[in-house]
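K.L.:
Could you work out the structure for the sequence below:
(chains A and B)
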Amino acid sequence: MRSISMERVEQTRQAMLDTVKSATLTHEQKVAAMANLADSLLEVLDYPEGLEDMLFVPFEKQLICDLNEGHAPLRPRYIVPDYEKFMREGSAFLQLPPPKDIWEAVNYLLIFYKHVPSVTNFPVYIGNIDYLLDPFIKDEQEAKKAIRLFLLQIDRTILDSFCHANIGPKATRAGYLILELEKELEQAVPNLTLKYEEGVTQDDFALAAVEASLHSAKPSFANHKMFTSELGEDYVIASCYNGLLLGGGSYTLSRLLLGHIAERAENIEDFKNRVLPQVMETMAAYMDARIRFIVEESGFFENNFLAKEGFIYRDRFSAMYGLVGMAECVNTLMKKEGKTCRFGASEEADRLGVEIMDIIDAFNRKHKNIYCGATGNSFLLHAQVGLASDTGSSPGCRIPIGEEPESFPEHLRHCEKFHKYFPSGIGDIFPIDTTVHKNPEYVLDIVKGAFKNQVRYLSFYEKDSDVVRITGYLVKRSEMEKLKAGQNVLQDTTALGLGGTENGHLLERKVR
Amino acid sequence: MKKALVNKIIPFSCVDGPGNRTAVFLQGCNFSCQYCHNPETITVCENCGECVAYCKTGALTFTAGKMSYDSSRCVLCDACIRHCRKLSSPRTELLSAQETMERVRRNMPYIRGITVSGGECTRQAEYLKELLRLAKAEGLHTLLDSNGSYAFREDEELLDLCDGVMLDVKEADVQLHKELTGCDNQQVLDNLVFLAEKKKLHEVRTVVMAEHFRAENTILCTGKLLKSYLSEQNIRYKIIKYRSVGVREPYRSRLVPPSDEMLERLGKLAEDIGFKEIIII
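P.N.:
Numbers count the residues shown, from 1 in each chain, chains lettered A, B, ... in the order given. As a prediction, this is how the structure comes out:
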């Protein structure tokens, strides 16, 4: 382990003391922040050459961002346990037999969730909960009560809305109950995705999902056919909207700050041929170093019960190669060429965006990591949604808020161009006017059309609803108001949401 | 091929029939309803050229006795319409069915169908049939939004090409219908029954105001005429709240929106008559 300066130690100590004294952080949030600060004192990773100037600099100068993963990863970033196995076999470590009824099923799952680590210390995937619970439904009223308490406990104890549940693709009684309850409860946690495929998912179930999403901003819709063709049947949607393998997950996620990278280039050719390849190479090497440490040194896969009992397998893990700020990247490059055309508004600008994606995609296919065997030894591309602290950087390949095309079809055509590149996640979000409440088929038709045209993931919310989708995760407007007024709030994502709405104008999306 | 005067095309519409549809609005209507919220679609531009002077962006030009309109320069300020002596919109395009279908295709596969509305779409029947034929060939569902003044009984071809009609029954009483629209309602009521018999009556619509007209009676009469069809078909009744947006004077000052209680009561009435699906909007 490399040594560090006393100056850095002192800075960290001050930050720890500030954390202890913070008026707005809850106890859990303080504990998590303290752990991150302690971790920041370690120096164990083999940094590739050039990384420091790209990563360890103020945000405006950063070209790469590692999304607060810390200096010595003690677990993979995202973990996706096989909960079906747990329901079938129970767990020796947790001293739980397989559940026999609905009450045991929800209780045992809640116990399990407490033991699923992640970068946020909360589980980012809690199962295809309809399929998990459906076999235990005997009496519908009783099941509804059990599932209501289950969802309530998740919202009040998993204090982070990167926690994601899946339902579908087929309708089940449990699926209907979950949608009904989510509509009633209007909670931010868990995030929820319906795996949807026309012809596989019943229309009636999909319409119930649309109605729920227009009340409580969830579920979102994942293109089941597309994900299956890339990741196989055993995929899940975790965290924001990340496609990952069941029984695996993602070791790490770093992101290219494309807008900042473009600033460093002289023109488009210089960006494509010199600047971008250099940064891509460095970020991939950095991710390789993180993965090597997790697999070879951290001891996670040897010692954690999830791996020991076969709820996860090392060889089902991959890593997410992220990017953010495509819009700013294209606009900056166009400006350098003396052009005013803008991403999302001009065909020429969009074409450049697609060319850049082709370059990143080709690089990613060529770069190999032996610990990502489950995905052909390649990382999975991920359109990262941004951090609350980001300024002047749009999520992934999204059109900046305020510049969305007047026409909804044009906006969707834009999604079609970019969604195909990102098996580990990209998504677009559309607030919908209330008139649609009376026509949920309108939204379903859009989902059907979009999924035929290679759109991967769509979210909708009613423009005035309390629960709103920030970038990928959900937050309640009422909770953001409380936090703004200086009160404690339960979920840590509320603070992220508040930052996002203030820096990213996320409540000003074009209403459709 | 006959071209039609098109007022506008809405690429995605969630209020013109089931699901997501492209709605094509044709210019020109033979009714002149007091509560019409887009009265600029009633009369056809006569190319007088007077409005050009009021167009601040140069979207309208007048050459050789003809108006022309460039939508890319238009900011939709409505100055042209406000200054038209006939309250007509010069912002129209003459399109063939083929050209219209080109625009519709841009929205596929996001839409399940098209709805042709107006104005009154049946006023340009040749174009309409060609457009519906092209849409059907693409597998799209086709609906018409009509004031019911067209003799559907005499146009089997049109009936075959459309999957359904959303029919306005504005007033059951003939005198009141005349007062409200300027025309009588014999043809409308004939169509009501005829379309139901042919299983092409997708929806009946009545706009409700607080006074002046008798929505209750209209709903009752509609129910009576459709009595024998309601048990075997799902004919939707859309009860529309009168809103003053876009309505002309003097009607705008005269007409009063109904209370929510009144709308609910009418909804209940429609339900009692036997309508299974009632939408109050």
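
K.L.:
which residues in the stretch 1-150 of chain B form strands?
P.N.:
For the stretch 1-150 of chain B, strands defined by DSSP state E, counting those that start in this stretch occupy the ranges B:4-13, B:21-26, B:60-63, B:66-69, B:93-95, B:113-117, B:141-146.

K.L.:
give me phi/psi at the residue nearest to residue A:242 when sequence neighbours are not counted?
P.N.:
In this structure, residue A:242 finds its nearest non-sequential neighbour in residue A:425, 4.1 Å apart by CB to CB, 6 or more residues apart in numbering or on different chains. (Glycine included, C-beta is placed from N, CA and C.) Backbone geometry at residue A:425, expressed as degrees, to the nearest 10, gives phi 120, psi 130.

K.L.:
go on, residue A:439?
P.N.:
Backbone torsions for residue A:439, taken as degrees, to the nearest 10, come to phi -140, psi 70.

K.L.:
try residue A:162
P.N.:
phi -80, psi 0.

K.L.:
Kindly list the longest helix within chain B.
P.N.:
Counting residues, the longest helix found in chain B (DSSP state H) is helix B:215-230.

K.L.:
what's the closest of the strands of the stretch 1-150 of chain B to chain A?
P.N.:
Closest of the strands of the stretch 1-150 of chain B to chain A is strand B:4-13, at 4.9 Å (criterion: CB to the nearest CB).

K.L.:
where's the closest residue to residue A:316 other than its chain neighbours relative to residue A:423, distance?
P.N.:
Excluding the flanking residues, the one nearest residue A:316 by CB to CB, 6+ apart is residue A:248, at 2.7 Å. Distance of residue A:248 to residue A:423, given as CB to CB, to the nearest Å: 13 Å.

K.L.:
These two: which has the busier surroundings?
P.N.:
Taking other CB atoms under 10 Å in any protein chain shown, residue A:248 and residue A:423 do not tie; residue A:248 has more neighbours (26 against 23).

K.L.:
Surely the more buried one touches residue A:311?
P.N.:
No: using CB atoms under 8 Å, residue A:248 makes no contact with residue A:311, being 10.5 Å away.

K.L.:
residue ranges with poor pLDDT in the stretch 251-400 of chain A?
P.N.:
By pLDDT under 70, the stretch 251-400 of chain A has no low-scoring segment.

K.L.:
where do the strands sit along it?
P.N.:
For the stretch 251-400 of chain A, the strands defined by DSSP E, counting those that start in this stretch cover A:317-324, A:380-383.

K.L.:
how's the chain carved up into domains?
P.N.:
I went with chain A, as the question did not name one. Here the domain parsing of chain A from automatic domain parsing is A:74-241+A:427-468, A:251-406.

K.L.:
could you do chain B instead?
P.N.:
Split by automatic domain parsing, chain B gives B:4-40+B:93-280, B:46-83.

K.L.:
So the shortest one, near chain A or not?
P.N.:
No: taking CB under 8 Å from any CB of the partner chain as the criterion, domain B:46-83 and chain A are apart, separated by no less than 10.9 Å.

K.L.:
now that domain, how far from the centre of its chain.
P.N.:
Taking CA atoms, centre = their mean, to the nearest Å, the mean C-alpha location of domain B:46-83 is offset from the chain mean by 24 Å.

K.L.:
Show the end-to-end separation of it, please.
P.N.:
Taking CA to CA, to the nearest Å, domain B:46-83 runs 14 Å from one end to the other.

K.L.:
do the same with the longest one
P.N.:
Between the opening and closing residues of domain B:4-40+B:93-280 lies a distance of 32 Å (CA to CA).

K.L.:
Going by proximity to chain A, name the top residue of the stretch 151-281 of chain B.
P.N.:
Closest point on the stretch 151-281 of chain B to chain A, by CB to the nearest CB, is residue B:279, at 6.1 Å.

K.L.:
ok, now how distant is that residue from residue B:141?
P.N.:
18 Å.

K.L.:
neighbour-wise, which of those two wins?
P.N.:
A direct count of neighbours by other CB under 10 Å for residue B:279 and residue B:141 places residue B:141 higher, at 19 against 16.

K.L.:
Thanks a lot, see you next time.
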